[in-house]
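> here is a sequence together with a model predicted from it:
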Amino acid sequence: MAHSPPTVVVIGSSNIDLVVRVPHLPLPGETILGSEVKRIAGGKGANQAVAAQRAGADVAFIGCLGDDDYGDVAAESLSEAGVNLTHLRRVAGVATGLAFITVAESGENSIVVAPGANASVSEADIATAQPMIAEARIIVAQLEIPVAMVMHAFTTARGAKVSTLLNPAPAQPLSDALLLLVDILVCNETEAAVLTSTTVTDAASAVVAARQLHVKGPRQVIVTLGRAGALISDGNATYLQPAFAVEAVDTTAAGDAFIGALVTRLAAGDPMPVAARFAAGAGALAVTRVGAQISLPMQATIVDFLAHH
């Protein structure tokens, strides 16, 4: 399949999600009965790549899968979405990453990730992809691959004057050196709290966290607040992008849908407020369906949703 030069490059994880639905998230030490286990392609990197592709971007993915059946399923899902997989590497003798996801009736979830082949992403993978990175408008990364590789990819992008977006998930402290390479930081309340000295519970505390994060380097900071929307700051002004009211059944890929749609519109040249509204629409649609990549909406669906909201 021939691909157009990518406007968006995503470097990150590709997993298989093993999903079970339960009445409520179990308490420590509690055993509860769940539904039949579903096997769904996921991983934050792959999800964001598929989200952007479906939202209208030309997307390329850099990452690693094992040489097992799970890897075949994950690669097929990315390929079916139209993502450029020139720089997806299969690693012999290593298992594909797995995520064990428990989803409550409320739509809330808990996730445990076994990285597997995602830990194999290397400087050589990034070096091979350098010409492709240099052609893109924006590169996106998360923290389900080695952090050193995120830093290497962003250093490569910065050298080519390509914008960088970091989704610092799963939450962990990060070096100032990495944050200096980040143009756009998109984090949730937990991730913002880990990166700052602020407990983030609402828009007001998100503003405080955003100010601290700007000092560390990012020009744009977005703190997603679930049903409360997303706090967006450029260092001079802040505003709240409201969330759209929908009936949530599974929040697993909400953040990935938001990021994929956001970078799609930013890469197309839209200003942040326009891109953020488009992203909020994508995130709202994603929570109305069960699963990660299968819940990510198409561009036409997002446009239609926004026309009626």
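Nice, thanks for sending it over.

> use CA for all of it now, contacts and neighbours both
Fine.

> show me where the stretch 201-309 of the chain has its strands.
220-224, 230-233, 238-241 (DSSP state E, counting those that start in this stretch).

> turn the ones you listed into a markdown table, including mean neighbour count.
Output for the strands of the stretch 201-309 of the chain, formatted as a markdown table (neighbours: other Cα atoms under 10 Å):
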| stretch | mean neighbour count |
| --- | --- |
| strand 220-224 | 26 |
| strand 230-233 | 24 |
| strand 238-241 | 18 |
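
> quick one, which of those strands gets closest to residue 296.
For residue 296, the closest of the strands of the stretch 201-309 of the chain is strand 220-224, at 17.6 Å, according to Cα to Cα.

> out of the strands of the stretch 201-309 of the chain, which is closest to residue 171?
strand 220-224 (13.1 Å).

> the closest one packs against which elements?
Here strand 220-224 touches strand 184-188, helix 189-195, helix 203-215, strand 230-233, going by 3 or more Cα pairs under 8 Å, 6 or more residues apart in numbering; DSSP states H and E.

> what would those look like in JSON lines with mean pLDDT and distance to residue 34?
Shown next, in JSON lines, are these (pLDDT from 0 to 100; distance: least, Cα to Cα, whole Å):
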{"stretch": "strand 184-188", "mean pLDDT": "98", "distance to residue 34": "27"}
{"stretch": "helix 189-195", "mean pLDDT": "97", "distance to residue 34": "27"}
{"stretch": "helix 203-215", "mean pLDDT": "97", "distance to residue 34": "35"}
{"stretch": "strand 230-233", "mean pLDDT": "98", "distance to residue 34": "32"}
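
> adding distance to residue 123, write those out as CSV.
Below are the helices and strands packed on strand 220-224 laid out as CSV (distance: least, Cα to Cα, whole Å):
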stretch, distance to residue 123
strand 184-188, 23
helix 189-195, 25
helix 203-215, 27
strand 230-233, 32
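
> returning to what we had before: need the strands of the stretch 201-309 of the chain in TSV (columns: distance to residue 62).
Below are the strands of the stretch 201-309 of the chain laid out as TSV (distance: least, Cα to Cα, whole Å):
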stretch	distance to residue 62
strand 220-224	24
strand 230-233	28
strand 238-241	30
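
> number of nearby residues for residue 32?
11 (other Cα atoms under 10 Å).

> equivalent analysis for residue 28, please.
6.

> likewise residue 131?
For residue 131, using other Cα under 10 Å, the count is 12.

> repeat for residue 24
Based on other Cα under 10 Å, the number of other residues close to residue 24 is 17.

> with residue 247 instead?
13.

> tell me the contacts of it?
287, 288 (Cα atoms under 8 Å, 6 or more residues apart in numbering).

> if we use 7 Å, what do you get?
The contact partners of residue 247, taken as Cα atoms under 7 Å, 6 or more residues apart in numbering, are residue 288.

> what of residue 7?
Residue 7 neighbours (Cα under 7 Å, 6+ apart): 57, 58, 59, 136, 137, 138, 267.

> find the nearest non-adjacent residue to it, please.
residue 136 (4.4 Å; Cα to Cα, 6 or more residues apart in numbering).

> kindly report the same for residue 173.
residue 195 (5.6 Å).

> number of residues surrounding that neighbour?
21.

> one more: residue 19?
Residue 19, neighbours per other Cα under 10 Å, totals 24.

> now it: how far from residue 41?
Counting by Cα to Cα, to the nearest Å, the gap from residue 19 to residue 41 is 10 Å.

> output the host helix or strand of residue 60 as PDB, restricted to C-alpha atoms.
Remark: residue 60 resides in strand 59-66, with elements defined by DSSP states H and E. The C-alpha atoms that make up strand 59-66 are tabulated as PDB, following Å, rounded to 0.1, in the frame of the first residue of the first chain:
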ATOM      1  CA  VAL A  59       0.300   9.000  10.000                       C
ATOM      2  CA  ALA A  60       3.400   6.900  10.400                       C
ATOM      3  CA  PHE A  61       4.200   4.700  13.400                       C
ATOM      4  CA  ILE A  62       7.600   3.900  14.900                       C
ATOM      5  CA  GLY A  63       7.500   1.000  17.400                       C
ATOM      6  CA  CYS A  64       8.100  -2.700  18.100                       C
ATOM      7  CA  LEU A  65       6.000  -5.900  18.300                       C
ATOM      8  CA  GLY A  66       6.900  -9.400  19.200                       C
END
